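Student: here is a sequence together with a model predicted from it:
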Amino acid sequence: MPTTLNRSLGTSALATHYVTSVMGVGVLVIPSLAWSAAGPLSLVAWAVLIVYSYPFALIFAKLSMLFPTAKGVAEFADRAFGPRFGRITAVFLLITLLVANPVLGLASGRYLLGALVPDASNRASLLVGGGIILACIALNLLGVKVSTTVQMIVLGTVTVLLVLVIALTLPKGDVSRLTPIAPDGWLSLGTALLICFFGFIGWENAAPVAEEVREPARTFPKAILYAVSGVGLLYFGMALAVAVSLPAGLGSEEGLTGFVQLLTIGIGPQIAGTGKIVAGVLMLLTTNAWCLGTSRVIFALAREGILPAKLAHVSPKSRVPVNAVMALIPGYGVAVALLVLTDSNESALIKASSAAFLLVFLVAFVSALRLIRTGAIRYVTMGVVAVTVVMLPFFGMSVAYAGIMLVVALVAEFALRRRTRPVVAVPEPIPEEDTGAR
């Protein structure tokens, strides 16, 4: 059976995947959530993370160029510290992705249902969001070209919408809202960092699709330059618009729909319903990028023998790892079911997974120190490792959740170790015209 993927992604498609994975429409949700948690101090958190994200992204780009495989971060850990460490990293990363990925799909359900039923219950919003996640999984079954085309359309629409909202809202804002800078005390910077950091998760999401990138050594540097240039500016612009426009003391559910409040301020209350629909549709489509990346992680881990071999099957027609994509349904279902049972909203997933992502990134950076021995990027990596270690304690309870997920990963890796084996790739026939035969 086929176990390889087509190299069909060029610079524009990869840059789009980068930006959609990192910024996506989380930019419609994260700034107002951070503002509700820390007020003006959230702008400091944004500034810190924007500066941090550039070398962060460069390291992932360099590693992806050196090791272009759908295995992603787990491949880096394997190469640096051996197969066992790589397997544990792989399972931990997958658990983290499955916990965090449903956030935007669930937020989409909240926006769309809110446009039709303003007083809808939290559980009803979660159920609609679950349906949206299923729709995104179905979209991924159509193939990577369809997925990235959708991402390009979404990214263009989001960018235009953001620029419009920022331009209309900032002149109507009140800069006096920026003082005092730490209304809840400076310790709230930790909460703001935790929430804002979730907005920058996604730089690693290009690693699992590296196997589908044409000429990685040329494509990755260009794509990362285009992506990093736009993400920080748009995020900070949106965060500033939120800071000067929205009142302090927003609740978490109000924060989740803060974008609509900005539309109301910038354009008028008559646009609020339309704004919810637009934002909801954009979130629905952007969830596609995370489904794409996570399905490729599942595919790669099955091919390596970490997960059951049947998940490595690639459809001969569409060249899509169908079983890996379908595995997202039960994978995401656990997190969504827990939220429904506890009547919690999707912000709980942000707090639960942020520190886990930071640990995954720390593993990637330490791996880079072992794998990249020369050049300026090595010194950049040293700096990023130091900053990441300093940031970790600020994540508070999220670190405890990460510890629980790590224990689950250790148990799961042990249980899977002797029940799975690598898939042996069968070379596909070479077309007669390519053999050189005459």
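Tutor: Yep, it's here.
Student: and the gap between the closest residue to residue 188 other than its chain neighbours and residue 120?
Tutor: Closest residue to residue 188 apart from its sequence neighbours, by C-beta to C-beta, 6 or more residues apart in numbering: residue 38 at 4.1 Å. For glycine as for every other residue, the C-beta is placed from the backbone atoms N, C-alpha and C. As defined by C-beta to C-beta, to the nearest Å, residue 38 lies at a distance of 28 Å from residue 120.
Student: so between those two, which is more surrounded?
Tutor: residue 38 (29 against 17; other C-beta atoms under 10 Å).
Student: for stretch 394-410, give the mean pLDDT please.
Tutor: In this model, stretch 394-410 has an average pLDDT of 92.
Student: contacting residues around that stretch?
Tutor: Identification of contacts with stretch 394-410 by C-beta atoms under 8 Å, 6 or more residues apart in numbering yields 88, 91-92, 95-96, 99, 189-191, 193-194, 197, 351-356, 358-359, 392-393.
Student: pull out the buried positions in stretch 83-95.
Tutor: Within stretch 83-95, the residues scored as buried using 16 or more other C-beta atoms under 10 Å are 86, 87, 88, 89, 90, 91, 92, 93, 94, 95.
Student: which parts of the stretch 101-250 of the chain are helices?
Tutor: Counting by DSSP state H, counting those that start in this stretch, the stretch 101-250 of the chain has helices at residues 102-116, 122-140, 144-169, 188-200, 216-245.
Student: packing partners of the second one?
Tutor: Packing partners of helix 122-140 (3 or more C-beta pairs under 8 Å, 6 or more residues apart in numbering; DSSP states H and E): helix 102-116, helix 144-169, helix 272-303, helix 322-326, helix 328-342.
Student: least confident of those, on average?
Tutor: helix 144-169 (a mean of 74).
Student: residue ranges with poor pLDDT in the stretch 51-200 of the chain?
Tutor: Residues of the stretch 51-200 of the chain meeting the criterion pLDDT under 70: 70, 143-152, 154.
Student: buried ones from the contacts of stretch 394-410, can you make that a ChimeraX selection?
Tutor: This is the ChimeraX syntax for the buried subset of those, where burial follows 16+ other C-beta under 10 Å:
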select :88,91,92,95,96,99,189,190,191,193,194,197,351,352,353,354,355,356,358,359
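Student: just the ones of the contacts of stretch 394-410 in helices?
Tutor: Counting by DSSP state H, the contacts of stretch 394-410 place 88, 91-92, 95-96, 99, 189-191, 193-194, 197, 351-356, 358-359 in helices.
Student: what's the residue lying closest to residue 180 once chain neighbours are set aside sitting at in phi/psi?
Tutor: Spatial nearest neighbour of residue 180, excluding adjacent residues (C-beta to C-beta, 6+ apart): residue 40 at 7.3 Å. Backbone geometry at residue 40, expressed as degrees, to the nearest 10, gives phi -60, psi -20.
Student: so how far is residue 175 from residue 40?
Tutor: Computed as C-beta to C-beta, the residue 40 to residue 175 distance reads 10 Å.
Student: nearest to residue 265, of the helices and strands packed on helix 122-140?
Tutor: Across those, residue 265 has its closest neighbour in helix 144-169 (5.6 Å, C-beta to C-beta).
Student: for residue 84, see how far away residue 369 is.
Tutor: According to C-beta to C-beta, residue 369 and residue 84 sit 19 Å apart.
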